[in-house]
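**Q** Take a look and give me a structure for this.
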Amino acid sequence: MVTVITGGVKSGKSSYALSIGREFKKKLFIATAEPFDDEMKRKIKLHRSERGRDWELIEEPISLVNGIKKGEGYDYILVDCLTMWVNNLLHYNIDTDIAFSELIGYLKSYRGNVVFVTNEVGLGVVPVDPVSRRYMNLLGVLNQNIARLADNLIFLVSGYPIYLKSDNSSILEHP
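**A** Next comes the predicted model:
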């Protein structure tokens, strides 16, 4: 089952995804962020403390498919987040078409519980510079493609979920 949790910056996406995961026994957190600067180091430290010790961790900034494959056997896999993953692909000059196709192709036949956190970038101001516009467009396309195949799509606004697409499974029962 594929679930996408999206929303604006600081809308509560990660906290909501963690709260869903707490009900599962064997859970994995796939972190895509890299500590490029002091602000990101603080954010990563905060996320670690929010998770607690009952989550296994894989740091996978580039190959999400490999990270998810390593999580086979887990009851719940949380990928946090696609926003940073796209950033990393651009930073390391990875072909986004290939990376996106690999992930989407893998998810089409995936049978476990995987939850993706991502930012909704289509509601804000269009950036002035071409690099930022490219990033926004790539993330928007990726979000659309994963949402299209997802079983559940949840939009967070100020910490409150709006269920846009749901298969009515227990993964959506928020503790």
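
**Q** what about the residue nearest to residue 153 when sequence neighbours are not counted, how many neighbours?
**A** With CB to CB, 6 or more residues apart in numbering as the measure, residue 165 is the residue that lies nearest to residue 153, at 3.9 Å, once sequence neighbours are left out. In short, each C-beta sits where N, CA and C put it, glycine included. Applying other CB atoms under 10 Å, we find 14 other residues in the vicinity of residue 165.

**Q** Let me see the contact set for residue 165.
**A** Residues near residue 165 by CB atoms under 8 Å, 6 or more residues apart in numbering: 147, 150, 151, 152, 153.

**Q** That one and residue 145, how far apart?
**A** To residue 145, residue 165 is 14 Å away according to CB to CB, to the nearest Å.

**Q** Please apply the same query to residue 30.
**A** Spatial separation of residue 30 from residue 145 under the definition CB to CB is 19 Å.

**Q** Kindly report the same for residue 94.
**A** Spatial separation of residue 94 from residue 145 under the definition CB to CB is 17 Å.

**Q** Torsion angles phi and psi at the residue of the chain positioned farthest from its centre?
**A** For the chain, the C-alpha farthest from the mean C-alpha position belongs to residue 128; by CA atoms, centre = their mean, that distance is 25.8 Å. Taking degrees, to the nearest 10, you get phi -80, psi -40 for the backbone angles of residue 128.

**Q** Tell me which residues of the lowest-mean-pLDDT helix or strand in the chain come out buried.
**A** The weakest-scoring helix or strand in the chain, judged by mean pLDDT, DSSP states H and E, is helix 38-51 (a mean of 80). Of the residues in helix 38-51, those with enough neighbours to count as buried (16 or more other CB atoms under 10 Å) are 47, 51.
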